[in-house]
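*Asks:* This is the structure alone, sequence omitted:
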């Protein structure tokens, strides 16, 4: 039986493990912390704007298990907030066990609290991965979904210091990139001003620290918009954010809170003493990151060079997914790339032609467009997402954006890719 090892248990790694298992591989998923989902443990937004289309494409292609789980675990659906329509918010407190159970049901072996410290490489092929402790795990193909945030040194150098975020480097050790260990030079994203990296785009407030009125409104509506007094508005912050789809004027003038279990505040950081001057937030407390009044984690500091099949350049049997594959933002984008990378890892093992998603699908066009843009200096200063920024505009221009499930399903059928991720290849 062929064996695929996935490193990194965020949304992209979970999706890669899922698609590789569905394709017939024995799959081993390594995660250095004690929980899956990575930043998905404090995220929660999906189906907003073009992410609706991308989710429906994945479902039509047979890779919808994770989106179905998100839908089933949503606190709110069809929510509109500035710049975004028909969003859903899954419950960040209860999502991880559901995903873990899905993967286990497909036979994925999950190893948490396990760090990769090196690779065993011969020529242009990985032979195995060395674990912390010296054990070498061999496989036929590998997926690097280790992300681009951390270790702490990057947040100290390019950000405002360790934000004590969900990545939890002090507790579980720094992120280790399989691609970098394979001696492949990684790419670094940049902010608008040309400086390296980007700051994670939101903070979470403890809902019980809000006024009863705000908490009740979040529970009922899913969203609260609070005008920021002009005296404490921040300037120049939006360009630092990873989530450029929220870099709109409304987000400079207002605090926008979303109910994902926490009160998700759509700004990279806000001084606590200023935050508590806003009515309803007098007792506000940061839930994630704990240093949220000062800063947040830095991202896009280790992207793997790859092609449209998500094979890493220079290594025959290494694929990548999520932020590891591009300057992209979001759970939906992570899942979409993860599904493709895990599927193609199995195709490599079987000496099959890799799957390239056609640009008649939003997901295929997204991957092609982003890979092309990242070849330019200006393109590395942009963050790409189905939900906003320049790619959502492109989706609309090309008539790829649709909220009709039947239309998306028919479009996938026309490409011949219906249930492609459901088929066993072995």
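*Replies:* Perfect, thanks for sending it. Values in this document were obtained by computation on a predicted structure and should not be read as measured data.
*Asks:* how about the helices in the stretch 151-300 of the chain?
*Replies:* 152-158, 169-172, 178-181, 212-221, 249-253, 272-275 (DSSP state H, counting those that start in this stretch).
*Asks:* quick one, what contacts residue 215?
*Replies:* With contact taken as Cβ atoms under 8 Å, 6 or more residues apart in numbering, residue 215 is in contact with 207, 208, 263. In short, each C-beta sits where N, CA and C put it, glycine included.
*Asks:* three-state assignment of residue 339?
*Replies:* Three-state assignment for residue 339 (DSSP: H, G, I helix; E, B strand; the rest coil): helix.
*Asks:* and what of residue 395?
*Replies:* helix.
*Asks:* these two touch, right, residue 361 and residue 416?
*Replies:* No - using Cβ atoms under 8 Å, residue 361 makes no contact with residue 416, being 11.2 Å away.
*Asks:* Between the two, point out the one with more neighbours.
*Replies:* A side-by-side neighbour count of residue 361 and residue 416, using other Cβ atoms under 10 Å, places residue 361 first with 23 against 8.
*Asks:* Skipping its backbone neighbours, what lies nearest the more buried one in space?
*Replies:* residue 57 (5.5 Å; Cβ to Cβ, 6 or more residues apart in numbering).
*Asks:* Give the rounded mean pLDDT of the helix or strand hosting the one you found.
*Replies:* Using DSSP states H and E, residue 57 sits in helix 51-60. Across helix 51-60, pLDDT averages out at 98.
*Asks:* Return the distance of it from the chain's centre.
*Replies:* On the basis of Cα atoms, centre = their mean, to the nearest Å, helix 51-60 sits 15 Å off its chain's mean C-alpha point.
*Asks:* same for it, what does it pack against?
*Replies:* With contacts defined as 3 or more Cβ pairs under 8 Å, 6 or more residues apart in numbering; DSSP states H and E, helix 51-60 has these neighbours: helix 65-72, helix 331-349, helix 362-373, helix 405-415.
*Asks:* any idea which of those is most buried?
*Replies:* Comparing the helices and strands packed on helix 51-60 by mean neighbour count (mean count of other Cβ atoms under 10 Å), helix 331-349 comes out on top with a mean of 29.
*Asks:* From residue 59, how far out is residue 410?
*Replies:* Using Cβ to Cβ, to the nearest Å, residue 410 is found at 13 Å from residue 59.
*Asks:* what helix or strand is the residue lying closest to residue 343 once chain neighbours are set aside on?
*Replies:* Nearest non-adjacent residue to residue 343, counting by Cβ to Cβ, 6+ apart: residue 19, 4.4 Å away. Assessed by DSSP H and E, residue 19 sits inside helix 11-22.
*Asks:* Run through who's touching the helix or strand just after that helix.
*Replies:* For helix 11-22, the following helix or strand on the C-terminal side (DSSP H and E) is strand 26-30. With contacts defined as Cβ under 8 Å, 6+ apart, strand 26-30 is touched by 1-9, 13-14, 17, 20-21, 103, 106-111, 114-116, 129, 131, 137, 139, 342.
*Asks:* Let's see that with 6 Å instead.
*Replies:* If you take Cβ atoms under 6 Å, 6 or more residues apart in numbering as the criterion, strand 26-30 is touched by 1, 3-7, 9, 17, 20-21, 108-111, 114.
*Asks:* worst-scoring helix or strand of this structure, pLDDT-wise?
*Replies:* Scoring the helices and strands of the chain by mean pLDDT, DSSP states H and E places helix 249-253 at the bottom, with a mean of 78.
*Asks:* For that one, could you pull out the residues that count as buried?
*Replies:* Under the neighbour-count criterion of 16 or more other Cβ atoms under 10 Å, helix 249-253 has residue 251 buried.
*Asks:* can you list contacts of that helix?
*Replies:* 82, 266.
*Asks:* ok, back up a step: of the helices and strands packed on helix 51-60, which is nearest residue 149?
*Replies:* Closest to residue 149 of the helices and strands packed on helix 51-60, according to Cβ to Cβ: helix 331-349, at 12.6 Å.
*Asks:* got the contact list for the residue nearest to residue 343?
*Replies:* The contact partners of residue 19, by Cβ under 6 Å, 6+ apart, come to 63, 339, 342, 343, 421.
*Asks:* pLDDT score assigned to it?
*Replies:* pLDDT for residue 19: 98.
*Asks:* From the recorded domain assignment, give the ranges for this protein.
*Replies:* The record, using automatic domain parsing to delimit domains, assigns the chain the ranges 3-194+298-422, 200-288.
*Asks:* comparing those domains, which gets the lowest mean pLDDT score?
*Replies:* When the domains of the chain are compared by mean pLDDT, domain 200-288 comes last with a mean of 86.
*Asks:* That one: end-to-end distance?
*Replies:* Start and end residues of domain 200-288 are separated by 11 Å (Cα to Cα, to the nearest Å).
*Asks:* What is the distance between that domain and the centre of its chain?
*Replies:* For domain 200-288 - counting by Cα atoms, centre = their mean - the centre lies 21 Å from the chain centre.
*Asks:* Then stretch 105-117?
*Replies:* Offset of stretch 105-117 from its chain centre (Cα atoms, centre = their mean): 19 Å.
*Asks:* Ok, stretch 42-51 next?
*Replies:* On the basis of Cα atoms, centre = their mean, stretch 42-51 sits 10 Å off its chain's mean C-alpha point.
*Asks:* buried ones in it?
*Replies:* Residues 42, 43, 44, 45, 46, 47, 48, 49, 50, 51 are the ones in stretch 42-51 that count as buried (16+ other Cβ under 10 Å).
*Asks:* what's the helix or strand for the second one?
*Replies:* Right, the one you point to is residue 43. Using DSSP H and E, residue 43 maps to neither a helix nor a strand.
*Asks:* Excluding chain neighbours, what is closest to it?
*Replies:* Here the residue nearest residue 43, using Cβ to Cβ, 6+ apart, is residue 331, at 5.7 Å.
*Asks:* Which strands or helices does the helix or strand hosting residue 5 pack on?
*Replies:* Per DSSP H and E, residue 5 falls inside strand 3-7. Counting contacts by 3 or more Cβ pairs under 6 Å, 6 or more residues apart in numbering; DSSP states H and E, strand 3-7 packs against helix 11-22, strand 26-30, strand 141-144.
*Asks:* Show residues contacting it.
*Replies:* So strand 3-7 is contacted by 13, 16-17, 20, 25-30, 116, 139-144, 146, 178, 345 (Cβ under 6 Å, 6+ apart).
*Asks:* Next: stretch 151-166.
*Replies:* Stretch 151-166 is contacted from outside by 41-42, 169, 174-175, 196-197, 288-291, 294-298, 301, using Cβ under 6 Å, 6+ apart.
*Asks:* Now do stretch 143-156: distance to the chain's middle.
*Replies:* Put simply, stretch 143-156 sits 13 Å off its chain's centre (Cα atoms, centre = their mean).
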